[in-house]
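Engineer: Got a predicted structure plus its sequence, pasted below:
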Amino acid sequence: MEANNEREKSREILALIPARGGSKSIPRKNIRLIAGKPLIAHSIEQAKKSAHITRVIVSTDDLEIAEISRRFDAEVPFLRPSEFAQDDTPDWPVFNHALRWLKDNEGYEPEIVVHLRPTTPNRRVETLDHAIATFIQIPEADSMRSVRPAEYSPYKMVLIRPDGCIEPVVIPPNCKNELWNMPRQALPQAYQGDGYIDITRPRVILGRKSMFGEKTKAYIVDESVVDIDYEEDLRKAERMLRPPEDA
């Protein structure tokens, strides 16, 4: 048992929390107060409480976010270049920049990188740790992504052609029926990403220029999760995170 604990201690698992300063839907979203704390503080505290995560870094282009992140005991060893902090910047350039900076400037190369979005403030530490522990046991996997049952089946969605007629977005294998007439229970179960947690091996990000690689395992989340995009999501998060005595 002690040998297993020593191996766990020697495994470098980095939590990277991306938090840019600009936000059009909710201005200054990442530092808005939720349950008495800046939004980003919730993800930082979850990472700090994890039994597996060994280092917590915030990638931001914003000095105020950097200051708040340090106050809650996250590291901000660099400021993200503005070209990687635009409205349409995908995840890969952000993670590639962070991992390359850490390697070039510190010689630091984690075994696993955990992507924690600050927009999911009600993440449970127990679920976070279970996901990481599960991924550790699957060395052949390039990555793991949290998913949940889709709210609406994609097999009932349609496209409108230029002629005004509709056609299915996707058709299950060997299906000859009109999908929009089929009961939901007869269709394959579909899942959607929920932003709860993504886990990737740095070699996939650096070597394959991908956030997921070719073999992405699913981690099914079955608890209520809020993903903050709009003001009403902030109010929902406040209700979910408010202490019971204040409810």
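Structural biologist: Ah, there it is.
Engineer: which parts of stretch 183-192 are buried?
Structural biologist: Buried residues in stretch 183-192, counted by 16 or more other C-beta atoms under 10 Å: 187, 190. Heads up, the C-betas are built off the backbone N, CA and C, glycines and all.
Engineer: Report the mean per-residue pLDDT for whichever strand in the chain runs longest.
Structural biologist: Taking DSSP state E as the criterion, the chain has its longest strand at strand 191-200. For strand 191-200, mean pLDDT is 94.
Engineer: what about the longest helix seen in the chain, distance to the chain center?
Structural biologist: Across the chain, the longest stretch assigned as helix under DSSP state H is helix 91-106. How far helix 91-106 lies from its chain's middle: 17 Å, per C-alpha atoms, centre = their mean, to the nearest Å.
Engineer: ok, and what's touching it?
Structural biologist: 14, 16, 18, 57, 59, 77-78, 80-81, 84-85, 108-110, 113, 115, 200, 202, 205-206, 209-211 (C-beta atoms under 8 Å, 6 or more residues apart in numbering).
Engineer: From these, which land in helices?
Structural biologist: Judged by DSSP H, the contacts of helix 91-106 include 202, 205-206 as members of helices.
Engineer: Give me the buried subset of the contacts of helix 91-106.
Structural biologist: By 16+ other C-beta under 10 Å, those give 14, 16, 18, 57, 59, 80, 84-85, 110, 113, 115, 200, 202, 205, 210-211 as buried.
Engineer: Check those and tell me the two furthest apart.
Structural biologist: Pairwise distances across those peak at 22.1 Å for Ala85 and Pro110 (criterion: C-beta to C-beta).
Engineer: State the distance from the residue located most distally from the centre of the chain to Val169.
Structural biologist: What lies farthest from the middle of the chain is Asp163; by C-alpha atoms, centre = their mean that is 39.2 Å. Distance, Asp163 to Val169, by C-beta to C-beta, to the nearest Å: 17 Å.
Engineer: what's the answer for Phe78, then?
Structural biologist: Per C-beta to C-beta, Phe78 is found 41 Å from Val169.
Engineer: So Tyr155 is in contact with Gln185, correct?
Structural biologist: No: between Tyr155 and Gln185 there is no contact under C-beta atoms under 8 Å: 11.9 Å.
Engineer: what's the domain layout of this protein?
Structural biologist: 2-147+192-238, 154-186 (automatic domain parsing).
Engineer: any idea which of the ones you listed is most buried?
Structural biologist: Of all the domains of the chain, domain 2-147+192-238 has the most neighbours on average by mean count of other C-beta atoms under 10 Å, namely a mean of 17.
Engineer: how far is that domain from where the chain is centred?
Structural biologist: Chain-centre distance of domain 2-147+192-238: 6 Å, with C-alpha atoms, centre = their mean.
Engineer: Could you pull out the strands in this structure for me?
Structural biologist: For the chain, strands defined by DSSP E occupy the ranges 13-18, 33-34, 37-38, 55-59, 112-115, 143-149, 158-160, 166-168, 191-200, 216-220.
Engineer: confidence score at Gly22?
Structural biologist: For Gly22, pLDDT reads 83.
Engineer: Spit out the contact partners of it.
Structural biologist: 85-87.
Engineer: just Phe212 next, same as before
Structural biologist: Phe212 sits in contact with 142-143, 145, 198, 200, 204, where contact means C-beta under 8 Å, 6+ apart.
Engineer: please redo it, this time with the cut-off set to 7 Å
Structural biologist: Shown in contact with Phe212 (C-beta atoms under 7 Å, 6 or more residues apart in numbering): 142-143, 145, 200.
Engineer: Which members of the residues you listed define the maximum pairwise distance?
Structural biologist: Largest separation among those by C-beta to C-beta: Asp142 and Arg145, giving 10.5 Å.
Engineer: who touches both of these two?
Structural biologist: Contact criterion C-beta under 7 Å, 6+ apart; residues shared by Asp142 and Arg145: 212, 216.
Engineer: Before I go, just wanted to say thanks for your time.
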